[in-house]
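J.: coords please:
(2 chains)
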Amino acid sequence: MELFNSESKKIVSDPINVNNPISLQVLGICSALAVTIRLDQAIIMTLAVVFVLCSSNVILSLIRNYIPTRVRIVIMLSVIASLVSVVDELLKAYLYDMSKQLSVFVGLIITNCIIMGRAEAFALKHGPSKAFLDGLGNSMGYGLIIIIVSFFRELFGAGTITLPDGGAGYVLWSIPDSWYAAGYENIGLLVLSPGAFIILGLVIWVQREFAGVEEDA
Amino acid sequence: MNLLRKIFEETGKFVEKGKPLSWAYPVWEAADTIFFSTNKQTSTGPHIRDNMDIKRTMFFVVIALIPCYLFGAYNIGYLNALAMEIDRGLFANTIFGFSYVLPILIATFVAGAVCELTFAIIRKHEVNEGFLVSCALIPLTMPPDVPLWQVFIGTSFGIIIGKEIFGGVGTNIFNPALTSRAFMYFAFPTKISGDKVWAVGPDGYSGATALAIPANPVEYDTASNLFAANTQFDYSNLNMFWGLIPGSIGETNKLFILLGAFFLIYCGIASWRIMVSCVLGLVFTALLFNLLNYFTVDGIIQAGGSPNAMLTITPLQHILIGSFLFGTVFMATEPVTSSHTNTGRWIYGFLIGVLTVVIRSINPAYPEGVFLAILIMNMFAPLIDYYVVQANIKMRLSRNV
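T.: Below is the predicted model:
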């Protein structure tokens, strides 16, 4: 098992930082905009994506030698769709409030480009342990960005920070009433989708600055 | 003057390349070129000898805005006196107004200067004067009572997102002043729209702007009748031209805006084609809507549907109410974000006029549509130019066969 050599580390850390699926490859933007209104939604969504991506990568990598090339997309989709159904049912059973808030976006994990992309680009060409690490790295990279975006959107848009619990979410901190009395106002724009675009754009800017990536002009 | 020159030469030594303070060179350069013309010489063509550099262009725009500032301040005082039912002289009204305008102006300039200087230092380019015009325009688009920290955030947003991330002055897609106006409109809607913000009065004082009256009428009537029925302010055409009505600081007096327009056209800074075509587009669409209203409500053919009083606003009233003229003269003509070909300018301006009336009349949620119309057309200006150029190339090719 080559779990902790430098190559494995690179498989995990690259997608989190210098090859981030959202901020550098600009994949999976749809759900990144939709589920980032509140922090707890983003955290649950991250967990769901970590589960789906790691499992689908491992399963597809295990059966990669038996998949005929022509029908690989169908098989990838059926594996991913089954896993997403499992997540959806689990959320409905144990986190019903959260499941209602996330609504269709759990189901739409199926269409998240990151998952199909990693299956096609990585899992079908590598062994299960590497595929697992790749799935972990990419889903964490995805999760990192949406958690950052949702943190700022919720803090400045709604004035709260909510963590997930069994019910409607645990409010960790909210802006005190005295601030509002002194004239502070939430930025309503951030709750709307354009706000997500703006925050995401700023995150992409900062991340690319640190990762030293420059777009070809 | 010699003393000043000496001071700059002495301090300049500290910010030269290789000195520990070299990061501050853009700041020094900016201060230096305010007083003295640059001694930079062009090394490649074209060598144009002209007194009209970017700094002077910007300066003329600021001069054209001064009457708007003065009247805006007076109008704040006038409306306040009206609301408080007291009598104040012209001078006292203006002073009262400036106590509202100056803080907004200072907040804008501080925010603009901080953003511009930060970017100049990090990106190691010279401070560009473009932000002065943006910052001079932003307060004129604000209601008098707007909180200063919101102005600060809005201006920073406009300068950074509207301009700097696209590469600074000359490469921006959207008008920075309008970007910050749009940001504030959507971010803090309670402080920049509605009935309560446009006139400074006692607590809870509300005064509907001319656009809000036909947008939310108690009972359907034509816009002219609704204006006449409003007893709080005098919304006759003449008074709307003089501008003693609630509105953004700079938008109300149409005479001074027109003076600014003639000044800018005379100096060759703003394009008269854009201004004229904006008005043409507005008149065309307003007439079209008048006709539509005639057929669906007043006329013989009763097509049904709920009547919309906004459709009955005449073209002249459309020009006089709201910030259409201000946007047309000072925002739509911004040289960077408007179209660059003459044919393109006609199309660009015409569509601004069309969109303004469409947004005003069709969508009751946005009584004022000028800033959205200009931002939308800013986005399409390069596309319009591209097709104008392509059409010209095609035409000349076909002539050549």
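
J.: now the helix ranked longest in chain A, how far from the chain's geometric center?
T.: Scanning chain A for the helix with the most residues, using DSSP state H, yields helix A:128-157. A distance of 4 Å separates the C-alpha centroid of helix A:128-157 from that of its chain, computed with C-alpha atoms, centre = their mean, to the nearest Å.

J.: CA atoms only for the next helix or strand after it, dumped as PDB, please.
T.: Next along the chain after helix A:128-157, taking DSSP states H and E as the criterion, comes strand A:160-163. The C-alpha trace of strand A:160-163 is given here as PDB (Å, rounded to 0.1, in the frame of the first residue of the first chain):
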ATOM      1  CA  THR A 160     -25.600  34.500  11.000                       C
ATOM      2  CA  ILE A 161     -23.300  31.500  11.000                       C
ATOM      3  CA  THR A 162     -25.200  28.200  11.100                       C
ATOM      4  CA  LEU A 163     -23.700  24.800  11.800                       C
END
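
J.: list the buried ones in strand A:160-163?
T.: For strand A:160-163, the buried set under the neighbour-count rule, 16 or more other C-beta atoms under 10 Å in any protein chain shown, comprises A:160-162. C-beta: built from backbone N, CA, C; applies to glycine.

J.: avg pLDDT for it?
T.: What strand A:160-163 shows for mean pLDDT is 85.

J.: that one pairs with which strands?
T.: Using DSSP bridges, the strands paired with strand A:160-163 are strand A:170-174 (antiparallel).

J.: is chain B contacted by the helix or strand just after the strand it pairs with?
T.: For strand A:170-174, the following helix or strand on the C-terminal side (DSSP H and E) is helix A:177-181. No - using C-beta under 8 Å from any C-beta of the partner chain, helix A:177-181 stays clear of chain B, coming no nearer than 11.5 Å.

J.: quick check: next helix or strand after helix A:177-181?
T.: In the C-terminal direction, the helix or strand that comes right after helix A:177-181 (DSSP H and E) is helix A:193-211.

J.: output the contacting helices and strands for that next one.
T.: The helices and strands touching helix A:193-211, judged by 3 or more C-beta pairs under 8 Å, 6 or more residues apart in numbering or on different chains; DSSP states H and E, are helix A:29-34, helix A:128-157.

J.: need these in a markdown table (columns: distance to A:L62, mean pLDDT and mean neighbour count).
T.: Compiled in a markdown table, the helices and strands packed on helix A:193-211 are given as follows (distance: least, C-beta to C-beta, whole Å; pLDDT from 0 to 100; neighbours: other C-beta atoms under 10 Å in any protein chain shown):
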| stretch | distance to A:L62 | mean pLDDT | mean neighbour count |
| --- | --- | --- | --- |
| helix A:29-34 | 27 | 80 | 19 |
| helix A:128-157 | 5 | 90 | 23 |
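
J.: can you tell which of those helices is closest to B:V389?
T.: For B:V389, the closest of those is helix A:29-34, at 32.9 Å, according to C-beta to C-beta.

J.: any weak-confidence spans in the chain?
T.: No chain was given, so I picked chain A. Chain A contains residues with pLDDT under 70 at A:1-4, A:216-217.

J.: that was the other one, I meant chain B.
T.: Ranges of chain B meeting pLDDT under 70: B:1, B:30, B:33-42, B:45-46, B:48-53, B:297-306, B:401.

J.: looking at the helices and strands packed on helix A:193-211, which is closest to chain B?
T.: Distances from chain B to each of these were compared using C-beta to the nearest C-beta; the shortest belongs to helix A:128-157, at 9.2 Å.

J.: now distance to chain B too, for the helices and strands packed on helix A:193-211, in a markdown table please.
T.: As requested, the helices and strands packed on helix A:193-211 are arranged in a markdown table below (distance: least, C-beta to the nearest C-beta, whole Å):
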| stretch | distance to chain B |
| --- | --- |
| helix A:29-34 | 16 |
| helix A:128-157 | 9 |
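
J.: distance to B:N392 for those helices - can I get that in CSV?
T.: Listed next are the helices and strands packed on helix A:193-211 as CSV, based on distance: least, C-beta to C-beta, whole Å:
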stretch, distance to B:N392
helix A:29-34, 38
helix A:128-157, 45
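
J.: could you measure from the closest residue to A:S99 other than its chain neighbours over to chain B?
T.: In this structure, A:S99 finds its nearest non-sequential neighbour in A:L91, 4.0 Å apart by C-beta to C-beta, 6 or more residues apart in numbering or on different chains. Distance of A:L91 to chain B, given as C-beta to the nearest C-beta, to the nearest Å: 32 Å.
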